[in-house]
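In: Make a model of this:
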Amino acid sequence: MLISLAHAADGAPADPMSGLMQFLPLIVIFVLFYFMMIRPQMKRAKEQKNMIDSLQKGDEVVTAGGELGKVVKVSEAYIGLEVADGVVINVQKSAVTTLLPKGTIKGI
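Out: Residues are numbered from 1 along each chain as shown. Got it, this is the predicted structure:
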């Protein structure tokens, strides 16, 4: 026969740490992603929810649309926002982005 059979050499035993070392960069990236993006976003969302839940009459707020006004009525999902003397608009509570210090409207 002109063609001889080729036999593979015995491989080196598999190192159990080499599998972990291959996934180590992915694990590090995920941990960094969690601490730099996911965790701060969850903290901001929690603060926003607490601020919306604590809204009461007399608070001065800014909405997502840029309206600045004083809260005159609070219901479960909506607030009445006085944007000028005698002008009250209804907005969703979730549209409130910033709670201002008292007296801010008078200073403008």
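In: Now the phi/psi pair for the nearest residue to residue 62 once chain neighbours are set aside, please.
Out: Spatial nearest neighbour of residue 62, excluding adjacent residues (C-beta to C-beta, 6 or more residues apart in numbering): residue 98 at 4.3 Å. (Glycine included, C-beta is placed from N, CA and C.) Main-chain dihedrals, residue 98, degrees, to the nearest 10: phi -140, psi 140.
In: do you know how far residue 21 is from residue 76?
Out: 54 Å (C-beta to C-beta, to the nearest Å).
In: give me the number of residues near the residue nearest to residue 62?
Out: Residues contacting residue 98 under the criterion other C-beta atoms under 10 Å number 13.
In: where along the protein do the strands fall?
Out: 60-63, 68-74, 78-84, 87-92, 96-100 (DSSP state E).
In: Show me what counts as buried in stretch 60-80.
Out: 60-63, 69-71, 79-80 (16 or more other C-beta atoms under 10 Å).
In: Tell me the confidence at residue 97?
Out: pLDDT for residue 97: 95.
In: give the contact list for the residue lying closest to residue 80 once chain neighbours are set aside.
Out: With C-beta to C-beta, 6+ apart as the criterion, residue 80 has its nearest non-adjacent residue at 3.2 Å, and that residue is residue 73. By C-beta atoms under 8 Å, 6 or more residues apart in numbering, the contact set of residue 73 is 57, 79-80, 88.
In: Need the pLDDT of residue 4.
Out: 74.
In: do residue 103 as well
Out: Residue 103 carries a pLDDT score of 89 in this model.
In: For residue 104, see how far away the residue nearest to it when sequence neighbours are not counted is.
Out: In this structure, residue 103 finds its nearest non-sequential neighbour in residue 60, 7.8 Å apart by C-beta to C-beta, 6+ apart. Applying C-beta to C-beta, the value for residue 60 to residue 104 is 5 Å.
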